[in-house]
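Engineer: fold the stuff below for me.
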Amino acid sequence: MKISIRTLSLCTSLTLYSIFITGCETSSQGGKTYTRGQAQQQMQVFNGILLNVAAVTIEPEETGGGAAVGAASGGIMGSMLGSGRGSTLGALGGALAGAAVGSKAEQSIRTVAGHELEVELDDGRIMVIVQEADDVFLVGDRVRVVVDSKGVSRVRQ
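Structural biologist: Below is the predicted model of the structure:
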């Protein structure tokens, strides 16, 4: 049995849309973004100097959305190959391949650039904080380390 262009287009669109939607669910981990729960909450502020700034990659925690949609789309497309047992094997193979592709696509879309910031606080303590690269930092900058009640820290200029 042949896969129709319409079915292929529908599966591809569904996969891309679902991966895009799961990619939008992530919350920013930058220094300038606060969650709703952090708004109007008391936080501690520590002043210090940047000792080191290193570029890092922040990998996402997988939601499984990309793999699930990829498996469903791959299973549908694979089931259209052959008939009977061939259709079943095609569906299984398509689902496995789709899950792998969907998972990789989700990870690729949601991976972001970040900074590892080493700060010497005015009291002599040294902290290292990793956050999204949403600001420009230079060694020697005076910065503030903002810490919420749950211990979530961010570096601000």
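
Engineer: show me where the protein has strands.
Structural biologist: Along the chain, the stretches classed as strands by DSSP state E are 44-58, 112-121, 126-132, 142-147, 153-156.

Engineer: show me the contact partners of the second one.
Structural biologist: Contacts of strand 112-121 from elsewhere in the structure, counted by CB atoms under 8 Å, 6 or more residues apart in numbering, are 29, 46-58, 60, 126-133, 137, 143, 145, 155. In short, each C-beta sits where N, CA and C put it, glycine included.

Engineer: try 7 Å this time
Structural biologist: 46, 48-58, 126-133, 137, 143, 145, 155 (CB atoms under 7 Å, 6 or more residues apart in numbering).

Engineer: before we move on, what about the third one?
Structural biologist: Strand 126-132 is touched from outside by 28-31, 56, 58, 112, 114-121, 145, 153-155, with contacts defined as CB under 7 Å, 6+ apart.

Engineer: quick check on those residues: which are buried?
Structural biologist: Listed as buried from the contacts of strand 126-132 are 29-31, 58, 112, 114-115, 117-119, 145, 153-155; burial here means 16 or more other CB atoms under 10 Å.

Engineer: tell me which of those is nearest to residue 97?
Structural biologist: residue 112 (26.9 Å; CB to CB).

Engineer: and the closest one, how far is that from residue 38?
Structural biologist: The spacing between residue 112 and residue 38, counted by CB to CB, to the nearest Å, is 19 Å.

Engineer: if we can go back for a sec, the strands of the chain: which one's closest to residue 73?
Structural biologist: strand 112-121 (25.7 Å).

Engineer: tilt between the closest one and strand 142-147?
Structural biologist: 100 degrees (axes from the mean of the first three to the mean of the last three CA atoms, to 10 degrees).
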